[in-house]
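Chemist: With the input below, show me the fold.
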Amino acid sequence: MTTPDSDSLLAEQLLRLTRRVHRIQKRQLHERGLGVTPAQSRLLRTLAHWETPPRMADLAERLEVVPRAVTSLVDGLEAGGKVRRVPDPANRRVIRIELTEDGVKTLQELRDVRRAAAKEILAPLSGEQREVLGQL
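Modeler: Next up, the predicted model:
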């Protein structure tokens, strides 16, 4: 049996860290009763980066998923009042997705969830260790 090299060990640690962050965020989403899944929260965060409401195809491309997956996510978010479909002013056949006021509020709460998850994960580290990690 061979011993794993340091790069393989580091890659495994990063993968475990990513999974842990995901689990913590999922737990906190549930505890706070935000009514969104991790995938929906990712869509909301992505949606917030556009100056003008994007098309579903734009979201699918940015999220690197098939358009059907975006349709399902938008359906759920729209039912929850977080997003709405609006016609493109230049081409009424095109539908764009925009955040609602409730969606903007949820986005802020999601940022709080991410901060809380980071705080929980980084709790064992000293200030100096956090600084080194940030530089890495």
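Chemist: The helix ranked longest in the chain packs against which elements?
Modeler: In the chain, ranked by residue count with DSSP state H as the criterion, the top helix is helix 6-32. Applying 3 or more CB pairs under 8 Å, 6 or more residues apart in numbering; DSSP states H and E, we find helix 6-32 packed against helix 38-47, helix 101-122. Every C-beta, even on glycine, is put in place using the N, C-alpha and C of the backbone.
Chemist: residues in contact with the shortest one?
Modeler: When contacts are defined by CB atoms under 8 Å, 6 or more residues apart in numbering, helix 38-47 is touched by residues 22, 25-26, 29, 34, 36, 53-54, 59, 62-63, 70, 73-74, 76-77, 82-83, 97-99, 103, 106-107, 110, 113.
Chemist: Distance to Val132, mean pLDDT and mean neighbour count for the helices and strands packed on helix 6-32 - can I get that in a markdown table?
Modeler: Formatted as a markdown table, the helices and strands packed on helix 6-32 follow (distance: least, CB to CB, whole Å; pLDDT from 0 to 100; neighbours: other CB atoms under 10 Å):
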| stretch | distance to Val132 | mean pLDDT | mean neighbour count |
| --- | --- | --- | --- |
| helix 38-47 | 27 | 93 | 19 |
| helix 101-122 | 12 | 90 | 15 |
